[in-house]
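>>> Below: sequence and its predicted model.
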Amino acid sequence: MAKEQPELTQEQLSAWVREQFQAANKYLAEQGIISDQILTKDSRYLAPYVAVWKFVTQDKKELWLINGDVPTDVAGTKAANNARDVMRYFSFQWQMKAQGLLSDPKASADPEQQRYAQYLVNRAEALYDLVGTEELWQAPEEQGNS
């Protein structure tokens, strides 16, 4: 994941967002979670890299889901108050999961687990860089005044 956003046409951007949204709903359904509503004002995306969705489930629970060019993952809203903080949360979670894999003798002997741990580290670091990139988090009215 690079910080510089490739130029996407409006059509490509819309298609990417739609694809990620459908993938997010599919992932939730596979986990036995049925979404009732998406809170678009809280959701964010940086196409074609990462999307963070805030869902309300049919049982009225709110949760965060991240997907795109990152592992698809879910967290409760207690993990973070906004998309930026939840990206930071996922970054730390993936670092800890990777560390657990790298320090587990069984996993460290398995090349597939090693590749997965490195993938988690790579995505966690890239996500953390995005969290720290201030211009990505400015309100739209502030972006034109830089």
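Cool, the structure landed.

>>> give me every residue that touches Ala80.
Trp64, Val86, Arg88, Tyr89 (C-beta atoms under 8 Å, 6 or more residues apart in numbering). Using the backbone N, CA and C atoms, a C-beta is placed for each residue, glycine as well.

>>> can you do 7 Å?
Trp64, Val86, Tyr89 (C-beta atoms under 7 Å, 6 or more residues apart in numbering).

>>> before we move on, what SS does the residue positioned nearest the centre of the chain have?
Residue closest to the average C-alpha location in the chain (C-alpha atoms, centre = their mean): Ile66, at 2.9 Å. Assigned with DSSP: H, G, I helix; E, B strand; the rest coil, Ile66 falls in the strand class.

>>> my read: it touches Ala75, true?
No: when contacts are counted by C-beta atoms under 7 Å, Ile66 is not listed as touching Ala75 (8.1 Å).

>>> any residues in contact with both of these two?
By C-beta under 7 Å, 6+ apart, the residues touching both Ile66 and Ala75 are Phe90.

>>> ok, back up a step: quick one: residues contacting the residue nearest to the centre of the chain.
Applying C-beta under 7 Å, 6+ apart, the residues contacting Ile66 are Val50, Val52, Thr72, Asp73, Met87, Phe90.

>>> hmm, back to that, possible to save the contacts of Ala80 as CSV with distance to Leu102, neighbour count and pLDDT?
Compiled in CSV, these are given as follows (distance: C-beta to C-beta, whole Å; neighbours: other C-beta atoms under 10 Å; pLDDT from 0 to 100):
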residue, distance to Leu102, neighbour count, pLDDT
Trp64, 26, 26, 98
Val86, 24, 26, 97
Tyr89, 20, 19, 98
